[in-house]
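S.K.: quick one, fold the following:
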Amino acid sequence: MHDLSAFPITAKWPAQRPDVLQLYSLPTPNGVKVSILLEETGLPYEPHLVDFGQNDQTSPAFLSLNPNNKIPAILDPDGPGGQPLALFESGAILVYLAEKTGQCIPTDAAGRYETLQWLMWQMGGVGPMFGQLGFFHKFAGKDYEDKRPRDRYVAESKRLLAVLEQRLEGRDWIMGTAFTIADIAVLPWVRNLVGFYEARELVGFDDFPEVQRVLAAFVARPAVARGLEIPKRA
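M.R.: Sure thing, here's the model as predicted:
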């Protein structure tokens, strides 16, 4: 039996199964990256809801694991060398879990780096730009009379969708026939953009048939459908 009591986060979110990976998250585009990969790989884990409504992300317990107060974060009792590993940042977690399980990442060096390239593209471009568009289109930013900030993020989101559209032509997934962490990183954000952010018409999503095709294939995967709902909201 693993003892995780040395990690303060387990005082707020007790581990019922301390021998399996602990996931601290919320079903947002960044959060579901990890739950989807865990469902795809079959790696046992225990999810814990980090409730933003209760400001859980700023609690001392959560900050003890992630000082950047963002979800997701994990605590793996069976980390490298058999020692517990605490990890935050969704991209880093995806790479760690893919390499730990040997799934959803190419085994050849060139393929691995190309996959990481698209993962970094999502982290540096898609996530921040789509997120800002959401703020200025659906949330508090929509009340600003000056629409130049919104239009800036609309234009950049369209450009990023065009990059993805071109990449997907003639391919099943971002890396070709193999489903990888690149898809798991990018597609939840596309889904969020046209769904939760209600920006489908704003970004001209109907002009990107390849992105539509691959997004439909993505959400049709059973593991993805499960992962999109984990952790369950309170």
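
S.K.: what residue in this structure is the furthest from its centre?
M.R.: The outermost residue of the chain, judged against the average C-alpha position, is residue 145 (31.9 Å), by CA atoms, centre = their mean.

S.K.: any weak-confidence spans in the protein?
M.R.: 1 (pLDDT under 70).

S.K.: kindly recompute the last result at 90.
M.R.: Within the chain, the segments meeting pLDDT under 90 span 1-3, 140, 234.

S.K.: quick one on the thing from earlier: before we move on, what SS does the residue farthest from the centre of the chain have?
M.R.: Under DSSP: H, G, I helix; E, B strand; the rest coil, residue 145 falls in the coil class.

S.K.: could you check how far it is from residue 156?
M.R.: Per CB to CB, to the nearest Å, residue 145 is found 21 Å from residue 156. Just so you know, the C-beta spots here come from the backbone N, C-alpha and C atoms, and that holds for glycine as well.

S.K.: repeat that for residue 108.
M.R.: Counting by CB to CB, the separation of residue 108 from residue 156 is 33 Å.

S.K.: okay, those two: which has more neighbours?
M.R.: Set residue 108 next to residue 156 and count neighbours by other CB atoms under 10 Å: residue 156 wins out with 18 against 8.

S.K.: how about the more buried one: what's its closest non-neighbour residue?
M.R.: For residue 156, ignoring the flanking residues on the chain, the nearest one in space by CB to CB, 6 or more residues apart in numbering is residue 129 at 4.7 Å.
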